[in-house]
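1. here's a sequence, model it:
(one chain, ligands or ions: 1)
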Amino acid sequence: MPREIGRPVRRIIEDPSLITGKGRFVYDIDFKGTLYAVFIRSQYAHAKIKSIRCPEGALCYTAKDLPDLIGLAKEEALYQGQPLAVVLAEDEYKARDLAEQVEVEYEPLPAVIDVEEALKNVNKAKSDLSSNIVLEDNVEIGDVDSAFKNAYKVVEAEVINQRVIPSAMEPRGAVAYFDGRRLTVWSSTQNVFGLKDTLIQLLSKYGVNDVRVVQPFVGGAFGSKIYIYPEEALISYLAVLTGKPIKWFNTRTEEFMSTNHGRDMRLKFKAAFDKEGKLLGIEGTLIMDLGAPIREIYEDSFGMATTAARLLVGRYKVNALKVKVLGVATNKTFIGPYRGAGRPEATYFVERILNLGARALGVDQFEIREVNIIDEVSHYNTPTGMYYDSGKYRETLKIAKPFYHELLRKRDELRAKGKLAGVGVAIVSEIASFGTGTARVQLTPNGRIQVVSGFTPHGQGDATAFAQIAAEIFDVDVSQIDVLWGDTDLISHGSLTGGSTTLTVGGSAVYEASIRLKEKLLRVVGEKLGVRPEEIEYSNGKFYHKKGEMSLADTAREALRMGVYPEEEYSYTIRPYTSPYGIHIALVEVDRETGFVKVLEYKAFDDVGVVVNPLLAEGQVHGGALQGISQALYEETVYSKEGSLITSNFSDYVIPTAMEAVKVEWKSLALAKSDTPLGSKGIGELPAIAATPTILHAVEDAIGKNIYIMPTKPELILKLLNS
Ligand code: MCN
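-> This is a model prediction of the structure:
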């Protein structure tokens, strides 16, 4: 029997229905008598809502008719697209027509759009704010003053990790069905248990305590479907109120305006270096534009900025750092988690500091990393309070160095032909895999093994990896394993798929539950055969003893006859998290005439410990790296100065297509394992974190100019080339 852990198994659980068009998404769920909900959204970024007039006889509800919900505007709209009211009709088109007839009287207020303006506090993003700076934090370690006193060179700059719009293929949507006692909600969410808990909190005062949330197939999320949004809660309430099934689905423009945006942090810094490029200290202010001041949201999101500040040390020996962190309210869509959530910003900032330092000192970008890198760590606490479980950082650089030199040679050949070519490097400093995960593993009477997970994967392929883990323990083919997930009825506890957690934490729960079930089954066989469990051999899905043998199906039936239920549930808690890392290297060519950037080569050297399924993990590297490249080269969120989202659909907001897709090579290093039963670390976010600075550095190297903003649009490059 082949070892299953480590085998590149195709997505046997997820793909058959998806590639034959049979996968069921929220939009495919239709009940007779469904009412369609369309939301009336604020046209203004900032306005008082003076009145809302519903069309005569329409099923129309404003915030005043509805329970208090996070994010629903009652008196003051805080961003364009904020829901104000909802209409219901028997079909989607009628509902959209009705929505257009709702009259909202606004009193426009000055919109605070630019974060620098917000800091001046002339206008406030919400009438009752005394300052737009709604949250603050400070991170300070070591002696920053003496670091600057001893500096050979001080580099000062502002680097911006721009606002991006998570662009999952499927916008958010949900269907709510109330049968008189029980509420069932199908949602394009990545957080079924969070949604269930919120709905119970909200609706128990209306007598609804029994709630089931189901996640059908979800067309991606990238962190933006973690929050519990007002729309999901409202349609659930309306299903209870009207007794009718309610369905809602965002258009792309609604999605762009009302689903959390990501990133939007900037660092104003000065950094002290010695002659060789050793980073002696960093001092600065990290400003996060939180977007709309909705307290319940921004108190959470600000954690991304405080994490970014603490992760500014990267994998380097940084002993002096002083950073003020400011959370600033504006009248734009609120910021929330987006692939990496705080770690991309941290990696971007520290990698930019190193490259700007290298350029100022005339030191090679790879060498400056060799000067500053920590050799290796084991259960290491950074001076800023982060934790790295294990890592062989210098060895990683050693492995990657020949490739860097190969790309330098290729770059120089291109340059010799008169081309603008550049090489970029970045070390990704990631922390991943958090919290608790639960799994139940059971043996069915026909000998199949069923794994139930409390996680909510939505494109990553974790279900196939779970099947591999169970198959490994039971020494059977993966095709003998069934995996279920994404339904609060299946298991009583669960966690959201985010923070690159599902394989490491959820997989460890599957692993531990499988081992415990196998031990339980050994006891059943022992009792049946009248022998001690230790005397029984197991392989290939069969228990062997000289007194007889039993298949898994026999054992399941025997267990049931004995009154032993052949299942085990296990909750695994990771303490505190894993710390994957890697170095990414790219070669780009910039077209002198048009300013277009072409990525010629891209290679990722990543260490995520044990890889359960290299095909799935590499898939994450391909998609993630392209997403990171996209932030460096294409994605730009533009607001008018009044706060209208200009880039409100895919004709204005650029994401890469197959034409821009890049061939990404992946080298899994597996030098340092985690302490989890699987020895794995998360990979879901790492490549997206690494790719942005890697590409920016390559473009900078190609054009020979410092770049402080992203994306590096052709017009920006041409301007820099001509400056
Ligand atoms: N894997 C593995 N060995 C490891 C680590 C991971 O084989 N050591 C495999 C896993 O089996 C899984 C995949 O790699 O198939 C990613 O696993 P993991 O790193 O645990 O990440 P999660 O499954 O928790 O996914 C979350 C992560 C995040 S946080 C975002 S955001 C993101 C991402 O995954 N959003 C995605 N990748 C995405 N991919 C798709 N298609 N869609 C999204 O919305």
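2. tell me if Glu519 really is in a helix.
-> Yes: counting by DSSP: H, G, I helix; E, B strand; the rest coil, Glu519 is located in a helix.
3. burial of the spatially closest residue to it that is not a sequence neighbour, as a residue count?
-> Among residues not flanking Glu519 along the chain, Pro533 sits closest, at 7.5 Å (CB to CB, 6 or more residues apart in numbering). The C-beta positions use only the backbone N, C-alpha and C, and glycine is treated the same way. If you count neighbours by other CB atoms under 10 Å, Pro533 ends up with 18.
4. ok, now which ones touch Pro533?
-> With contacts defined as CB atoms under 8 Å, 6 or more residues apart in numbering, Pro533 is in contact with Glu519, Leu522, Arg523, Val525, Gly526.
5. quick one: the last one and Arg532 touch, right?
-> Yes: here Gly526 reaches Arg532: they are 5.9 Å apart, a contact under CB atoms under 8 Å.
6. these two: who's more crowded?
-> Counting neighbours by other CB under 10 Å for Gly526 and for Arg532 shows that Gly526 has the greater number, 17 against 11.
7. and that one, how far is that from Ala239?
-> Using CB to CB, to the nearest Å, Gly526 is found at 52 Å from Ala239.
8. next one: Gln460
-> Taking CB to CB, one finds Gln460 at 30 Å from Ala239.
9. those two - which one has more neighbours?
-> More crowded of Gln460 and Ala239, by other CB under 10 Å: Ala239, with 27 against 23.
10. return the set of buried residues in the strand or helix carrying the more buried one.
-> Ala239 is located in helix 230-242, with elements delineated by DSSP states H and E. If you call a residue buried by 16 or more other CB atoms under 10 Å, then helix 230-242 has these buried ones: Pro230, Glu231, Glu232, Ala233, Leu234, Ile235, Ser236, Tyr237, Leu238, Ala239, Val240, Leu241.
11. one step back: buried subset of the contacts of Pro533?
-> By 16+ other CB under 10 Å, the contacts of Pro533 give Leu522, Val525, Gly526 as buried.
12. what packs against the host helix or strand of the second one?
-> For Val525, the host element (DSSP H and E) is helix 507-529. Based on contacts counted as 3 or more CB pairs under 8 Å, 6 or more residues apart in numbering; DSSP states H and E, the elements that helix 507-529 packs against are strand 436-443, strand 449-453, helix 462-474, strand 542-545, strand 548-551, helix 552-562, strand 567-573.
13. listing partners with orientation, what would you give for the fifth one?
-> Each strand that strand 548-551 pairs with, and the sense of that pairing, follows from DSSP bridges: strand 542-545 (antiparallel).
14. again, but for the last one
-> Partner strands and pairing direction for strand 567-573 (DSSP bridges) are strand 436-443 (antiparallel).
15. between the strand it pairs with and helix 552-562, how big is the angle?
-> Relative orientation of strand 436-443 and helix 552-562, computed by axes from the mean of the first three to the mean of the last three CA atoms, to 10 degrees: 100 degrees.
16. still on that earlier bit, what would the buried ones among the contacts of Pro533 look like in TSV with distance to the ligand?
-> As requested, the buried ones among the contacts of Pro533 are exported to TSV (distance: CB to the nearest ligand atom, whole Å):
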residue	distance to the ligand
Leu522	28
Val525	31
Gly526	34
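17. show me the shaky parts of this protein.
-> The chain contains residues with pLDDT under 70 at 1-2.
18. flag every residue of it that's near the ligand.
-> Residues of the chain lying near the ligand by CB under 6 Å from any ligand atom: 168, 220-223, 339, 457-462, 465, 497-504, 608-613, 616-617, 620, 623, 680-685.
19. how much space is there between the nearest residue to Glu567 once chain neighbours are set aside and Arg448?
-> If the residues on either side of it in the chain are set aside, Glu567 comes closest to Gln442, at 3.4 Å by CB to CB, 6+ apart. The gap separating Gln442 from Arg448 is 9 Å, by CB to CB.
20. can you give the strand pairings for the strand or helix carrying Met265, parallel or anti for each?
-> Met265 belongs to strand 262-273 when assigned by DSSP H and E. Here strand 262-273 has these sheet partners by DSSP bridges: strand 153-164 (antiparallel), strand 279-291 (antiparallel).
21. and the helix or strand that comes right after the first one, what does it pack against?
-> Read in the C-terminal direction, the helix or strand following strand 153-164 is strand 173-178, with elements assigned using DSSP H and E. Counting contacts by 3+ CB pairs under 8 Å, 6+ apart, the secondary-structure elements packed against strand 173-178 are strand 182-187, helix 230-242, strand 246-249.
22. ok, residues contacting strand 173-178?
-> Counting by CB under 8 Å, 6+ apart, residues outside strand 173-178 touching it are 26-27, 29-31, 34, 183-189, 208, 231-232, 235-236, 238-240, 243, 245-250.
23. state the distance from the residue nearest to Glu567 to Tyr565.
-> From Gln442 over to Tyr565 the distance is 8 Å, taken as CB to CB.
24. may I have the secondary structure class of Pro711?
-> Quick answer, by three-state DSSP: Pro711 is coil.
25. residues in contact with it?
-> Residues in contact with Pro711 (CB under 8 Å, 6+ apart) are Gln162, Gln631, Ala632, Leu633, Tyr634, Glu635, Glu636.
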